[in-house]
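need a 3D model of the following:
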Amino acid sequence: MVGITLSPEQIRAAPPQVRRWLEQEVAASLGLAGMAEPAPHPEPPHLVGCGVREVEAIFSLIQGLLPVVNVFLELGRDTGRRLPNGMHAFGLLDIQSHTQLGTPEQVLNCLEMINRALRQVSGDPHATLFGLDERANCFVAEETHQAIRQFWQQLVAGQGPGVAPGRGDGLGAPVPPQGMEARGFAPAPAGDGAAPH
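Residues are numbered from 1 along each chain as shown. Below is the predicted model:
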């Protein structure tokens, strides 16, 4: 058996058919069902659409966890695909590459932490922000995608809530790890996580 390690740059530069194959391999390794074709319009159970207010509230809970914040902001990128059923799809490998996380499992851990924040904000213990299909695609409501994108643009402009005084980069002061643990969050997965471009 031979193992191959690919850098995020190599994955980004791969032809589309190679990327699809990699996504299928990741999906198989994560046990996200067989290699069947994905449902044309996946509808994850209890998928919640978020407006800007909910996005701001979620951000306030995760802002001290840079990898989690970066995965969250990735869901506002225009690199995904808009689907006819009001959903927006992103490849897990794309999110992993853009955030510079080490494994797809780390992306999933970040998504689960975002879900915990959503449940806390909404008061609904069954709410979920995202869904996954068997080809390692992540889906969010188009409303959520647009709200996160709008929120990211406000952050970049230095107009977002919680922006620290005197900072020109639009980012608020990070919450210390003790503060995050007090809010019910475990420490962030490893990885430095780059912000969306």
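
how near is residue 77 to residue 5?
Applying C-beta to C-beta, to the nearest Å, the value for residue 77 to residue 5 is 25 Å. Every C-beta, even on glycine, is put in place using the N, C-alpha and C of the backbone.

more neighbours: these two, which one.
Using other C-beta atoms under 10 Å as the criterion, residue 77 and residue 5 rank with residue 77 on top: 18 against 5.

just say helix, strand or coil for that one.
State at residue 77, reduced to three classes by DSSP: H, G, I helix; E, B strand; the rest coil: coil.

is it true that it touches residue 90?
Yes - counting by C-beta atoms under 8 Å, residue 77 touches residue 90, with 7.3 Å between them.

how about the strands in this structure?
Here the chain has its strands, by DSSP state E, at 81-82, 87-91, 131-132, 137-141.

give the rounded mean pLDDT of the third one.
The one in question is strand 131-132. Strand 131-132 carries an average pLDDT of 88.

in its sheet, what does it sit against?
Paired strands of strand 131-132, with direction, are strand 137-141 (antiparallel) (DSSP bridges).

now do the partner strand: everything it contacts.
Contacts with strand 137-141, where a contact means C-beta atoms under 8 Å, 6 or more residues apart in numbering, come from 23, 38, 42, 44, 47-50, 75, 83, 86-92, 95, 111, 129-133.
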